[in-house]
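**Q** When you get a sec, could you give me coordinates for this:
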Amino acid sequence: MDDPRQFLLDLYGSAVGAVTAEKCMPAFLPPRPTKGRTIVIGAGKGAAAMAKVVEDHWPGPIDGLVVTRYKHGAACKRIEVVEASHPVPDEAGRQAARRMMYMVSGLSADDLVLCLISGGGSALLALPAEGITLSQKQAINKALLASGATIFEINCVRKHLSAIKGGRLALACAPARVVTLLISDIPGDDPGVIASGPTLPDPTTCADALAILKKYEIAIPPEVLKHLESGAGESAKPDNPVFARNSHHVMATAQIALEAAAATARAAGITPYILSDGIEGESRDIALMHAAMARQIAAHGQPFERPCVLLSGGETTVTVRGKGRGGRNAEFLLSLAAALDGAPGIHAIACDTDGIDGSEDNAGALYQPDSLQRAAQLGLRARVLLDNNDGYGFFSALGDLVVSGPTRTNVNDFRAILIL
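**A** Purely as a prediction, here's the structure:
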């Protein structure tokens, strides 16, 4: 292969392109109501792009409000777009959530609420439950993100400290019918977990949320402890009759992105193997498994013959112990680099499909067989930087960051390992 680097970038581009709002949404738009209004609401990194698709395809009057991450907006004319902070919520997100709840109050059974949800909505819809402050939610959110907790655990806590998540937004919309369209950033694509399920029922409990905070030794303010122990933070349950008229559709997933990348690989004459669309665990540990498989293929042709490319998705986690820069994809790739130790013929990419790895300005990074050698010439040692959680620093120094800018979609991690 003449250019492994460009091949891997092409796979990432195909994966992202297959799950954009423009690609996946039009077929899922519901019919306009025969009577009543259509209100569009939503939250997530893809919310503005999703709102633009609605504007471009909706055959009647609409208005509404969506909240997205800073610099993830779109040129909407009828649906207001508010930008707020992610992954730690801010006041802009709180004000947007409050306005959204007011906007859907007082609707009739003839009205339709079209809710557009994508990854990142949990932080962007920041409306703390009564008695809990935004600063308390911010502190708990930061601690959970650094703890190594899974997205299922983090969003369980978020639901039970919120006045809008865990189905509460659907309760506010009643008796209007709610149709929720989702782009999934959750392994397994559980719609009630995406963005903490503001319009979907939630089977988890306050007791579950409290157990998660204790498991990760998160400091619990007295007000939060009382809120959870009393059951005041209980979410809307599946047997609530409000949900009977509502519907939802998961339009874009990690599997769709991986299949698109696989098609691009086959067109280039490289056999793809999709390992999983839902890999979870510590980024550095997941990298060791991938490195071991790549070595086995390169050395023994097992379980696959080379040339081939291994594709995987999901959402790994990082337990932050150092003070370096880097999201979970840079962490994965740095751990992979250390484990491969310059093994010939193995190239890799790891990127977030939203274009932002963690809270940095890159989507992820590229690894090449000479990465460690080039780093050593700069005085950098992969294992030292890994101990400091500084994947960004390592690949930035090599000029191997992948900087795509916001993609305005999000189906989580994308990884491709090419074995020649």
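**Q** domains in this structure, as residue ranges please.
**A** Domain ranges of the chain: 4-14+255-419, 21-127+162-201+236-252, per automatic domain parsing.
**Q** For A146, find the nearest of those domains.
**A** For A146, the closest of the domains of the chain is domain 4-14+255-419, at 4.2 Å, according to C-beta to C-beta. C-betas here are computed from N, CA, C, even on glycine.
**Q** now that closest one: how far from the chain's centre is it?
**A** Centroid displacement of domain 4-14+255-419 relative to its chain, using C-alpha atoms, centre = their mean, to the nearest Å, is 17 Å.
**Q** possible to save the domains of the chain as TSV with distance to Y216, mean neighbour count and mean pLDDT?
**A** Shown next, in TSV, are the domains of the chain (distance: least, C-beta to C-beta, whole Å; neighbours: other C-beta atoms under 10 Å; pLDDT from 0 to 100):
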stretch	distance to Y216	mean neighbour count	mean pLDDT
domain 4-14+255-419	10	20	96
domain 21-127+162-201+236-252	16	21	96
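**Q** need the ones you listed in a markdown table with distance to K215, can you?
**A** Formatted as a markdown table, those follow (distance: least, C-beta to C-beta, whole Å):
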| stretch | distance to K215 |
| --- | --- |
| domain 4-14+255-419 | 13 |
| domain 21-127+162-201+236-252 | 18 |
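**Q** Ok, which of these comes nearest C156?
**A** domain 21-127+162-201+236-252 (8.4 Å).
**Q** My guess is F414 contacts A257. True?
**A** Yes: with contact defined as C-beta atoms under 8 Å, F414 reaches A257; the gap is 6.3 Å.
**Q** Common neighbours of those two, please.
**A** Both F414 and A257 are contacted by 15-16, 313, 353, under the criterion C-beta atoms under 8 Å, 6 or more residues apart in numbering.
**Q** how near is the closest residue in space to I183 that isn't next to it in sequence to I220?
**A** Closest residue to I183 apart from its sequence neighbours, by C-beta to C-beta, 6 or more residues apart in numbering: S118 at 4.0 Å. Applying C-beta to C-beta, to the nearest Å, the value for S118 to I220 is 30 Å.
**Q** Likewise for L288?
**A** Taking C-beta to C-beta, one finds L288 at 34 Å from I220.
**Q** would you list every one of the strands in the stretch 51-200 of the chain?
**A** Remark: strands assigned in the stretch 51-200 of the chain by DSSP state E, counting those that start in this stretch are 63-69, 79-84, 112-118, 177-183.
**Q** Just tell me which of those strands ends up closest to L372.
**A** strand 63-69 (33.9 Å).
**Q** just checking, what packs against that closest one?
**A** For strand 63-69, the packing partners by 3 or more C-beta pairs under 8 Å, 6 or more residues apart in numbering; DSSP states H and E come out as strand 38-43, helix 47-57, strand 79-84, helix 91-103, helix 121-124.
**Q** need those in TSV with distance to R284, can you?
**A** Shown next, in TSV, are those (distance: least, C-beta to C-beta, whole Å):
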stretch	distance to R284
strand 38-43	31
helix 47-57	32
strand 79-84	31
helix 91-103	31
helix 121-124	24
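**Q** and L181, which of those is closest to it?
**A** Comparison of those against L181 by C-beta to C-beta identifies helix 47-57 as nearest, at 7.0 Å.
**Q** Can I get the closest one in CSV? Just the C-alpha atoms.
**A** Taking Å, rounded to 0.1, in the frame of the first residue of the first chain, the C-alpha atoms of helix 47-57 are listed here in CSV:
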residue,chain,number,x,y,z
ALA,A,47,-28.5,18.9,17.6
ALA,A,48,-27.9,22.0,15.5
ALA,A,49,-27.2,19.9,12.3
MET,A,50,-30.2,17.8,13.1
ALA,A,51,-32.4,20.9,13.4
LYS,A,52,-31.1,22.2,10.1
VAL,A,53,-32.2,18.9,8.4
VAL,A,54,-35.7,19.4,9.9
GLU,A,55,-35.9,22.9,8.6
ASP,A,56,-34.8,21.8,5.1
HIS,A,57,-37.3,18.9,4.9
